[in-house]
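J.: No sequence on hand, only this structure:
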Ligand code: EPS
């Protein structure tokens, strides 16, 4: 299973084309829209989210509420395009207008300068329009289809905020359904209501100062059997595929599974998850310190993965940079942006992780149509139960 996205931040639309989804999966535009709506929410976003009403059109691959097994095209119109038609239209414009509108001041921390140098763009809008995190809407759309496949197989995925700036959610012993319920009730999509106000406060403070802040997102996947992914080849390790997907989210700088970086200072006896056996359920782990992975394969314990998001680089507070035409230094002062997008990013991370898990399953089992996949998946679980 694979997908591609296309579209510029202020262009006409974002498009996602997904290939390899089994036939006969129930899929409605409401399923995708529910995910898109969640991504649009979250305390700390700027004015753009009030302009966009992200609603998908399914242009191919679905008939009468079910997938056909053919490529699925999901199209998302940018409502803001009407204000940008002159700037982002595909027709040529006269050279004077073109020069007047060029963006020549690269923002530190964004793709602007490197992208301009690489593609020889002297108008940095040609870079920033595609590198913008608006593109994550198209990835959430793909992930919402992945989540439908997973839910048919009894697998649940939850994304929520662990930390914003220096405010951390407490370690809480919650079921995945409780995590989903709490995050959905929280303006900052955290599972810890006690830290909610403090998280909002640091976002307000950053905004007042014209600054931005990042944080930590966690995703849990419940209901996965052991043995998804493979140890036999480096590029088939599912944890590495998930890690790559997480770091591919705009502004994400790091990833860890389970205790993650803490493993640098825990002993082996305090790191690994002891194995037990029950007549009814087969093998199980007594703990889940490794976040559900050994040898690039799932252990059967929940997948627990964290991603760290840096503060958004578009700042009201100026940072030093250099104009690429005049070569003069300037203080980058920028129009609108989000002061914190960590809550929205928790929805994005949930969906990219869901995609990787679903893609691993679809690639591992016969999956031309849903019943075939379900039967193969159930047989596999049954075989493991008595292994
Ligand atoms: C973004 C800047 C802001 C965000 C945008 C990502 O948009 P604008 O420049 O139009 O104000 O709101 O996020 C989205 C549009 C979205 O859908 O998430 C950026 O520079 O990455």
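T.: Cool, got the structure. Note that the structure is a prediction, hence the values are computed from the model and not measured. Residues are numbered from 1 along each chain as shown.
J.: pretty sure residue 347 contacts residue 45?
T.: No: between residue 347 and residue 45 there is no contact under Cβ atoms under 8 Å: 11.8 Å. To be clear about C-beta, it is placed using only N, CA and C from the backbone, and glycine gets the same treatment.
J.: These two: which has the busier surroundings?
T.: Set side by side, residue 347 and residue 45 give different neighbour counts by other Cβ atoms under 10 Å, the larger being at residue 347 (26 against 18).
J.: Could you verify that that one is part of a helix?
T.: Yes: according to DSSP: H, G, I helix; E, B strand; the rest coil, the state of residue 347 is that of a helix.
J.: Now residue 248: phi and psi?
T.: Recorded main-chain torsions at residue 248 are phi -80, psi -10, according to degrees, to the nearest 10.
J.: Find the nearest non-adjacent residue to it, please.
T.: Distance criterion Cβ to Cβ, 6 or more residues apart in numbering; nearest residue to residue 248, sequence neighbours excluded, is residue 352 at 7.2 Å.
J.: next one: the helix or strand that neighbour falls within to chain centre, how far?
T.: Remark: residue 352 resides in helix 342-364, with elements defined by DSSP states H and E. Centre-to-centre, helix 342-364 and its host chain are 7 Å apart (Cα atoms, centre = their mean, to the nearest Å).
J.: Could you list every helix and strand that it packs against?
T.: The helices and strands touching helix 342-364, judged by 3 or more Cβ pairs under 8 Å, 6 or more residues apart in numbering; DSSP states H and E, are helix 29-40, helix 136-152, strand 156-164, strand 215-222, helix 238-247, strand 303-309, helix 370-385.
J.: buried sites along that helix?
T.: Residues of helix 342-364 classed as buried under the neighbour-count rule (16 or more other Cβ atoms under 10 Å) are 342-362, 364.
J.: Next: stretch 104-113.
T.: 104-107, 109-113.
J.: thinking again about what came up before, closest one to residue 265 among the helices and strands packed on helix 342-364?
T.: Distances from residue 265 to each of these were compared by Cβ to Cβ, and the smallest falls on strand 303-309, at 17.2 Å.
J.: which residues make contact with that closest one from outside it?
T.: Outside of strand 303-309, the residues within contact range by Cβ atoms under 8 Å, 6 or more residues apart in numbering are 162, 214-221, 224, 242-243, 246-247, 249, 251-258, 260, 288, 291-293, 341-342, 345, 349, 353, 357.
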